[in-house]
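>>> need a structure here:
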Amino acid sequence: MKSGMFNQKWGGIRRGYVCIKDMFDATLPFLDYRGVLFGIADSDEKRMSGVHFGSTYDLAYHYYQDPNYLPVIAGNEPDPVFGDPGLPKAESSLCTVSAYSDNIGLAMLRSRKPGREQREQIQAVLRYGSHGGAHGHFDITELLSVMRYGRSFFNPENCWWGYAHFMYKFYVQCSLSKNMVVVDEKMQVPADSRKILWESADGLSAAGIEVKTRWSYPPYGGMVYEQDGQTATKEELARRCRMIILFCSIILRERGSISMTACCRSRAFLESRGRK
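Reported below is the predicted structural model:
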């Protein structure tokens, strides 16, 4: 482990091989009726297009002719090389059912109330599984996402600071900023977890996650990027703590309330150093 980065692959082994087609198929059950994938870890919700995916599903359909790719292709701009303007129209049948993935750690539940359009159904995601290395958040058992009517009630980037900012490791990824139970306002240490309950039926959808782990203090002051000229000194930590207190006071003035844990601990550190 380095700075809380766990790279172990958890969730068990279902089979001893992975095909190229599997990389296209894995995402499909988790796309909603719009073709939007909810956010996880350092990502936000997005369609399967753009800088990260581009024309991949046009290319995949060109080779595999899988009709499950058609709704994804229809929701995006056609690729000028692999795109086919004569493709038949199709609606996804996967966006109506619940799904889970033990390795990445997603248990997604969808309501199936009769007579209700898919956009009116509720979609909720529970987080477990592998941590995710440098991009992993300390959020096992978190209610990761809740979506309905094409809107999100909660997602990972409700709180966001860029990678270079010390608040990224200090606050964004920590358990305290998640929709989960936190012990003593500390940070959850990543550990292997298990899905102990799974039920997906018309009248009831349920999932349960079990994890046994330790709790630790978050990395006060965040990451130190020496390549950017940052230094891991007590003076630098004190400077960052003063910035946290200033940030908390601004948010408190604008919103009227804020979790004061980070502010109080930063002030306690400064006072122990004889500074105010």
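
>>> please parse the protein into its domains.
Domain segmentation of the chain under automatic domain parsing yields 20-216, 233-272.

>>> which ones are touching the residue minimising distance to the centre of the chain?
The chain has residue 40 as the residue nearest its centroid, 1.6 Å off, counting by Cα atoms, centre = their mean. By Cβ atoms under 8 Å, 6 or more residues apart in numbering, residue 40 lies in contact with 104, 106, 127, 144, 145, 156. From N, CA and C alone the C-beta is placed, and that goes for glycine too.

>>> sorry, back to before: how about the domains of the chain, which one is nearest residue 11?
Checking those against residue 11 by Cβ to Cβ gives domain 20-216 as the closest, at 3.6 Å.

>>> quote the end-to-end distance of the closest one.
39 Å (Cα to Cα, to the nearest Å).

>>> tell me if residue 152 really is in a strand.
Yes: assigned with DSSP: H, G, I helix; E, B strand; the rest coil, residue 152 falls within a strand.

>>> surely it and residue 125 touch.
No: using Cβ atoms under 8 Å, residue 152 is not in contact with residue 125; the gap is 10.6 Å.

>>> who has more neighbours, these two?
residue 125 (24 against 18; other Cβ atoms under 10 Å).

>>> helix, strand or coil: sort out that one for me.
Residue 125 ends up strand, using three-state DSSP.

>>> can you check the one 5 residues further on too?
Each residue gets one of three states, and residue 130 gets coil by three-state DSSP.

>>> return the distance of it relative to residue 181.
21 Å (Cβ to Cβ, to the nearest Å).

>>> what about these two, which has more around it?
A count of neighbours by other Cβ under 10 Å puts residue 130 above the other of residue 130 and residue 181, at 19 against 9.

>>> show me the contacts for that one.
Here residue 130 is in contact with 6, 8, 9, 10, 11, 103, 104, 105, 136 (criterion: Cβ under 8 Å, 6+ apart).

>>> buried subset of these, written for PyMOL?
Command for PyMOL that selects the buried part of those, burial taken from 16 or more other Cβ atoms under 10 Å:
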select buried, resi 6+10+11+104+105+136
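
>>> what is the nearest of the contacts of residue 130 to residue 238?
residue 136 (28.2 Å).

>>> rewinding a little: let's have the contacts of residue 40 in TSV, adding pLDDT.
Listed next are the contacts of residue 40 as TSV, based on pLDDT from 0 to 100:
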residue	pLDDT
104	90
106	95
127	94
144	93
145	93
156	78
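
>>> which ones among the residues you listed are found in strands?
Under the assignment DSSP state E, those contribute 106, 127, 144, 145 to strands.

>>> from those, pick the one nearest residue 115.
residue 145 (24.8 Å).

>>> how much space separates that closest one from residue 37?
10 Å.

>>> just residue 161 next, same as before
23 Å.

>>> all good on my end, thank you.
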